[in-house]
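Novice: Build me a structure from this.
(one chain, ligands or ions: 1)
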Amino acid sequence: MTPKKPSNSYTIQTDIVLPSETNSLNHLFGGELLSRMDRAASIAARRHCNQTVVTASVNHVSFNIPIPLNSVVSVVAKVSRAFKTSMEVIIDVFIENTENSTKQQANQGIYTFVAVDNNTKPMAVPKIIPETPEEHTRFEAALRRKQLSLILAGRLKPNDASELKALFK
Ligand SMILES: CC(C)(COP(=O)(O)OP(=O)(O)OC[C@H]1O[C@@H](n2cnc3c(N)ncnc32)[C@H](O)[C@@H]1OP(=O)(O)O)[C@@H](O)C(=O)NCCC(=O)NCCS
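Specialist: Next up is the predicted model:
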């Protein structure tokens, strides 16, 4: 399979916050944001591997800034690293100020997707070659995040997570 670049999977989904999507404080409901993030991230993963994908894990989500009603919200997703059958996708969420064309990062999420066939059997995905400094940083850290996610899921023994352990030495 021909290797891909992170930019090949770049996905941006922009939408406003409607009253039905807010909590009692008139801020975007967390579950609605998670859904938007999952949709954009799954499209990015599909663009990388050109196959059906399923969400295997939500490794990290931080809700840093509340998103008010009527905000213009952009969800930006890109594959940061591809492994054998799985891909890490990083999702950055921005609030856009349409009056002065500035944007502020509100949230970030890191999801893992797996390419599967019609029987949900995992399928190999293309490798990824990072290009920008940020893509290189995210690529390097992705293996440690995968190991941590597998440990938390009970799929990997902490002692076998060499790259993650090296952080604490
Ligand atoms: C995700 C799924 C296909 C994995 O199937 P499996 O039989 O466990 O397959 P494997 O053990 O070979 O794992 C496949 C890959 O996922 C990775 N993976 C599985 N669980 C993971 C987790 N919690 N965190 C990070 N990676 C994980 C494995 O490390 C492996 O990666 P690699 O091949 O790139 O090294 C299966 O668990 C599944 O179908 N889950 C339900 C998915 C779903 O319904 N999602 C919500 C709706 S889309």
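
Novice: since we're on Phe94, how many residues are nearby?
Specialist: 20 (other C-beta atoms under 10 Å). The way it works is simple: take the backbone N, C-alpha and C, and place the C-beta from them, glycine included.

Novice: Can you report phi and psi for it?
Specialist: phi -120, psi 140 (degrees, to the nearest 10).

Novice: In contact with it, which residues?
Specialist: 73-74, 76, 103-106 (C-beta atoms under 8 Å, 6 or more residues apart in numbering).

Novice: Go again with 10 Å.
Specialist: 12, 14, 67, 71-76, 102-107 (C-beta atoms under 10 Å, 6 or more residues apart in numbering).

Novice: Nearest to the ligand among these?
Specialist: Val75 (17.0 Å; C-beta to the nearest ligand atom).

Novice: on that earlier part again, just the buried subset of the contacts of Phe94, please.
Specialist: The neighbour count (16 or more other C-beta atoms under 10 Å) marks 67, 71, 73-76, 106-107 as buried among these.

Novice: Kindly report the residues of the chain close to the ligand.
Specialist: For the chain, the residues in contact with the ligand (C-beta under 6 Å from any ligand atom) are 54-57, 83-86, 112, 114, 116, 120, 122, 146, 149-150, 153, 155.

Novice: what comes into contact with stretch 145-162?
Specialist: 56-60, 80-81, 83, 86, 88, 90, 110, 112, 138, 143-144, 163-165, 167.

Novice: sorry, back to before: so which of the buried ones among the contacts of Phe94 sit within helices?
Specialist: Taking DSSP state H, every one of the buried ones among the contacts of Phe94 sits outside helices.

Novice: Can you pick out the ones from these that are in strands?
Specialist: If you go by DSSP state E, those have 73-76, 106-107 in strands.

Novice: pLDDT added to these, as CSV?
Specialist: Converted to CSV, these look like this (pLDDT from 0 to 100):
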residue, pLDDT
Val73, 98
Ser74, 98
Val75, 98
Val76, 98
Ala106, 95
Asn107, 94
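
Novice: downstream neighbour of the host helix or strand of Arg144 in the secondary structure list?
Specialist: Following DSSP states H and E, one finds Arg144 within helix 133-152. Proceeding N to C from helix 133-152, the next assigned helix or strand is helix 162-166, under DSSP H and E.

Novice: Done for today, thanks.
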